[in-house]
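[1] Return a 3D structure for these sequence lines:
(one chain, ligands or ions: 1)
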Amino acid sequence: MELKFLHGADYNPDQWLDRPDILQRDIELMKEAHMNCVSVGIFSWAKLEPQEGVYDFDWLEKVIKSLYENGISTVLATPSGAKPVWMSEKYEEIRRMSSSMVRDQTGGRHNHCYTSPYYREKVRQINEKLAQRFGSHPGVILWHLSNEYGGTCWCPLCQKAFQGWLQKKYGTLEELNHQWWTAFWSHTYTSWDQIHAPMANGERSTHGLTLDWKRFTTEQVRDFIREEIKAVRTYAPHLPVTANFMYYFTEYNYFKLKDDLDLISWDSYPQWKKGDNTEEACSTALWHDVMRSLKHQPFLLMESTPSCTNWTPVSRLKRPGMHLASSMQAVAHGADSVQYFQFRKSRGSSEKFHGAVVDHYGGTDTREFQDVKNLGQFLEDIREAQGSQIKAQVAMVLDVESFWAMEDAQGPRNCGLHYFETLKDHYRAFWSRGIPVDFVDEEGDLSGYRLVVAPMLYLLRAGFEAKLQSFVEQGGVLVGTYHTGLVNENDLCYLGGWPGAGLAQLFGLWHEATDGLWDGETNTLKLAEGKAYRLSELCALIHLKGAKALGVYGEDFYEGEPALTVNQFGKGRAYYLAAKAEPAFYGDFYQKLSQELGLARALKEIPYGVEACLREGAEGSYLFLQNFSGEEKRVELPQASLELRTGVPRKEVLLAGYDAAVLRIASK
Ligand code: GAL
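    So this is what the prediction gives:
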């Protein structure tokens, strides 16, 4: 099979059907920009089914054909992301209700009810028809299901489905009342239809209810996705399916949606600025790694902007060079594509000022167009790296259900737990050293990793504690922190001491209480070896039960009490960090640990602001370097390596600000 990275964009020919000259020109421009695929039909329902039951696919057929004849593949969307006005007006039930049970009016997008039988039926019909007509077209390579599944509906249909879901889960109301601890404030339910979703003007204090509502929402969307897939598979069983995910999106649990999709794809919109962008690059790298880890295989970057976004307070243009660095960052972390929103700027409506490959101006002599074109050439030059994999020895635990539960709890710090910032503090220590990281949730497999980092693992579910125990017992190293093992999977606190479910033995300690600090308040971690670090936000007061203290608190009434510990458990060991530390701590701590464990690194000496990643393929290993510092950086290589873009062997690489390079460092 020909190796190639996909390079393309969301393409909306349906907005220009009265301008055949523009559609013709689009093809020329795509070819000039080295684009080889486009996503079509994402928001085209009104053109595909202009009246109920009246379908018009001829225009789409022409577009797909003309793209194909010009070497451009189609990623074909199902149109469920935006419903036509006629449908929305005629069938009220397909419009969502807000959390105060107010029905949406017609408008916007991404706002249909996932339960509505009518909407599901309409989606089934159009998906089947699209599959029948285009499923075997040689130009169509992938289904793009809907667009950015998101949001929650509180309508009576959803609430009824929720009650049924609960009945299946708990069997009896007695069991539900017990698991949700409803005796508290007399919230005991005496019939299933008394249970309503958590609402702005209703029940918000029963944590088990909120947790189950979020789980149900994910299940309902999964079910909707499965129906979409079933419909397209009726006539196109061979075509893979994807759905474009989003970052910092925790409304659903993506880990539960991954198995139904053949490929993970996602839309990445970092906010790059002038000067040093190292921190933004680190945040973005984390999400690329999350997406890659969902299926442990290359993913697709489905959307990114060629220049600016228009939904942010200001529309900052990418600085010269940043298009290369940011696009290559996705590839370096495992993407097999770089795709954009959008190919051509719409002439009207809400995204007319969003970045695009082709501006209203229409020419190729724009920086945006030239950046895209150069990137297309770059991707062709490095095509042999397509399909290569990233092998990580470190796993970080990111469990969305645990996150939901800790955010819903009152105390110990209602002014901010900063879970994702904390995750990033740990992650940064590996990222800046070129050590690849996978993300797993509590249903994930830990075998094969040397080190597992599980910050703030508040809620334990699915027998995860047993997995952690056996991982360490067999020689693995675990790093856990404060705010771990407080509640079980229904958000009921563990009795008999924290961390619960046997984790106290694993860490060799007992956690008595947590001190929540105000913003600006600090404590100190004093390491036995002499160094000290600032602590903030949450400080857990712990008692040793077998673990050894590596550091103690420096202040307050718990001065001298353990704050960093290690416990030998079986053939491995478990560290426990009792408080949130300043970033420098994580850098030093993981530097030492990764050396002790001999963790593989993409490169040993990495200048600040440069990111180094390794992808390993059948033909060779590829080193990706991206410079986010905004300044020129010199990177020394351990051995002469072939730079793929230039074909020149290099012993060192000079990267201009926001430059990127890919080197084959070993052939197989
Ligand atoms: C994405 C969405 C696109 C477009 C883009 C703008 O979230 O999928 O359709 O709206 O944002 O940045």
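
[2] Each with direction, which strands does the longest strand along the chain pair with?
    Assignment by DSSP state E gives strand 532-544 as the longest strand of the chain. Strands that pair with strand 532-544, judged by DSSP bridges, come out as strand 509-516 (antiparallel), strand 523-527 (antiparallel), strand 579-581 (antiparallel).

[3] Now do it: everything it contacts.
    Residues outside strand 532-544 that contact it (Cβ atoms under 8 Å, 6 or more residues apart in numbering) are 412-413, 416-418, 482-483, 508-517, 521-527, 553-554, 556, 558, 561-563, 565, 576, 578-582, 584-585. For every residue, glycine as well, the C-beta is placed using N, CA and C.

[4] Identify, out of the strands paired with strand 532-544, the most deeply packed stretch.
    Ranked by mean neighbour count, the strands paired with strand 532-544 are led by strand 579-581 with a mean of 28 (mean count of other Cβ atoms under 10 Å).

[5] What lies in contact with that strand?
    418, 422, 425, 481-482, 523, 525, 533-540, 553, 563.

[6] Let me know the average pLDDT across the helix or strand that it is followed by.
    Downstream of strand 579-581, the next assigned helix or strand under DSSP states H and E is helix 583-597. Across helix 583-597, pLDDT averages out at 98.

[7] Which single residue in the stretch 401-550 of the chain comes nearest to the ligand?
    Using Cβ to the nearest ligand atom, the closest approach of the stretch 401-550 of the chain to the ligand is made by Phe420 at 18.9 Å.

[8] what pLDDT does Met1 get?
    In this model, Met1 is scored at 50, pLDDT.

[9] Residue of the stretch 501-650 of the chain nearest the ligand, please.
    For the stretch 501-650 of the chain, Cβ to the nearest ligand atom, closest residue to the ligand: Phe628, 20.9 Å.

[10] Can you classify the residue lying farthest from the centre of the chain by secondary structure?
    Distance to the chain centre peaks in the chain at Phe557, reaching 40.7 Å (criterion: Cα atoms, centre = their mean). Following DSSP: H, G, I helix; E, B strand; the rest coil, we place Phe557 in the coil state.

[11] For it, give me phi and psi.
    Dihedral angles of Phe557 (phi, psi; degrees, to the nearest 10) stand at phi -70, psi -10.

[12] Between the two ends of stretch 200-208, how far is it?
    End-to-end distance for stretch 200-208: 16 Å, by Cα to Cα, to the nearest Å.

[13] what's the spacing between the lowest-mean-pLDDT helix or strand in the chain and its chain's center?
    Across the helices and strands of the chain, mean confidence by mean pLDDT, DSSP states H and E is lowest for strand 660-667: a mean of 92. Offset of strand 660-667 from its chain centre (Cα atoms, centre = their mean, to the nearest Å): 27 Å.

[14] how about the residues of this protein near the ligand?
    147-148, 267, 269, 303, 309, 341, 351, 354 (Cβ under 6 Å from any ligand atom).

[15] circling back: correct me if wrong, but the residue of the stretch 401-550 of the chain closest to the ligand is in a helix.
    Yes - counting by three-state DSSP, Phe420 is found in a helix.

[16] What count of nearby residues applies to the closest residue to it other than its chain neighbours?
    Ranked by Cβ to Cβ, 6 or more residues apart in numbering and with sequence neighbours excluded, the top spatial neighbour of Phe420 is Tyr248, at 7.1 Å. Counted with other Cβ atoms under 10 Å, the neighbours of Tyr248 add up to 7.

[17] again with Arg383
    If we define neighbours as other Cβ under 10 Å, then Arg383 has 13 of them.

[18] returning to what we had before: note down every partner strand of the least confident helix or strand of the chain and its orientation.
    When pairing is defined by DSSP bridges, strand 660-667 lines up against strand 620-627 (antiparallel), strand 633-643 (antiparallel).

[19] buried set for whichever helix or strand comes after the last one?
    Read that as strand 633-643. Counting by DSSP H and E, the next helix or strand C-terminal to strand 633-643 is strand 648-655. Across strand 648-655, burial judged by 16 or more other Cβ atoms under 10 Å covers 650, 653, 655.

[20] List the contacts of the last one.
    To tie it back to what came earlier, the one meant is Leu655. 610, 625, 627, 632-635, 661.

[21] domain assignment for the chain?
    Annotated domains of the chain cover 6-79+117-148+240-385, 394-597, 610-664 [automatic domain parsing].

[22] pretty sure Leu478 belongs to a strand, no?
    Yes - per three-state DSSP, Leu478 lies within a strand segment.

[23] That one touches Lys467, doesn't it?
    No - in this structure, Leu478 is not within contact of Lys467 by Cβ atoms under 8 Å, at 10.5 Å.

[24] Looking only at neighbour counts, state which of the two leads.
    Leu478 (25 against 18).

[25] And the pLDDT at the more buried one?
    98.

[26] Skipping adjacent residues, who's closest to it in space?
    Ala574 is the one closest to Leu478 (Cβ to Cβ, 6+ apart), at 4.4 Å.

[27] any idea which element Ser491 lies in?
    No, residue 491 isn't Ser; it's Asp. Here Asp491 is covered by no helix or strand, with elements defined by DSSP H and E.

[28] Among the contacts of strand 579-581, name the buried ones.
    Listed as buried from the contacts of strand 579-581 are 418, 422, 425, 481-482, 523, 525, 533-540, 553, 563; burial here means 16+ other Cβ under 10 Å.

[29] before we move on, which element is Asp26 in?
    Taking DSSP H and E as the definition, one finds Asp26 inside helix 20-32.
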